[in-house]
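A.B. asks: just a sequence and a predicted model for now, questions to come.
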Amino acid sequence: MLISNAYAQAEGAAQGGGLLGLLPLILMFVVLWFLMIRPQMKRAKEHKAMVEALAKGDEVVTGGGIAGRVTEVGESFVQIEIAANTTVAVQKQAVATVLPKGTLKAI
C-alpha cells in the first residue's frame, strides 16, 4: 500500500496551535512598530515643532531645495527672501530644515 492512513489529532494539540499560530503575527507587528512606525511618528513630531517655531530672520531650505531667509510668518504660509528684493510665498509644511545663522552668506 502506497498511501498511509491519516489519523485525527488530539483536541489539546489543536487548541494550543491556535495561540501559537498568532505568535509570529504579533511578533512581526512589534518589529514593524519599532523599525518603521515609531521613527516616522517621531520625525513627524519634530518637523511639526520646527514649523511652529519658525520666526522672522530664520534661514531655511524648502522641500524643493530653495534656500532663503524668512521675512514674514503667516498662519499657513511664510514669505522667504531668496535674493535681494525677491520673495516667494511657500506653505509652512514645505520648509524642510532650518539652517544655522550665516549659512546663506557662505553659499
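C.D. replies: Done, it's in.
A.B. asks: mind listing the strands for this protein?
C.D. replies: 59-62, 67-73, 77-83, 86-91, 95-99 (DSSP state E).
A.B. asks: out of the ones you listed, flag the one nearest Arg38.
C.D. replies: Ranking these by proximity to Arg38 (Cβ to Cβ) places strand 95-99 first, at 21.5 Å. All C-beta spots, glycine's among them, are computed from the backbone N, C-alpha and C.
A.B. asks: and the closest one with strand 77-83, angle?
C.D. replies: 60 degrees (axes from the mean of the first three to the mean of the last three Cα atoms, to 10 degrees).
A.B. asks: by contact count, what packs against strand 95-99?
C.D. replies: Here strand 95-99 touches helix 38-52, strand 59-62, going by 3 or more Cβ pairs under 8 Å, 6 or more residues apart in numbering; DSSP states H and E.
A.B. asks: mind listing what that strand pairs with, with the direction of each?
C.D. replies: When pairing is defined by DSSP bridges, strand 95-99 lines up against strand 59-62 (antiparallel).
A.B. asks: what are the contacting residues of stretch 36-45?
C.D. replies: Outside stretch 36-45, not one residue touches it by Cβ atoms under 8 Å, 6 or more residues apart in numbering.
A.B. asks: any regions of this structure where pLDDT drops low?
C.D. replies: 1, 8-17 (pLDDT under 70).
A.B. asks: on that earlier part again, winner for burial among the helices and strands packed on strand 95-99?
C.D. replies: The highest mean neighbour count among the helices and strands packed on strand 95-99, using mean count of other Cβ atoms under 10 Å, belongs to strand 59-62: a mean of 19.
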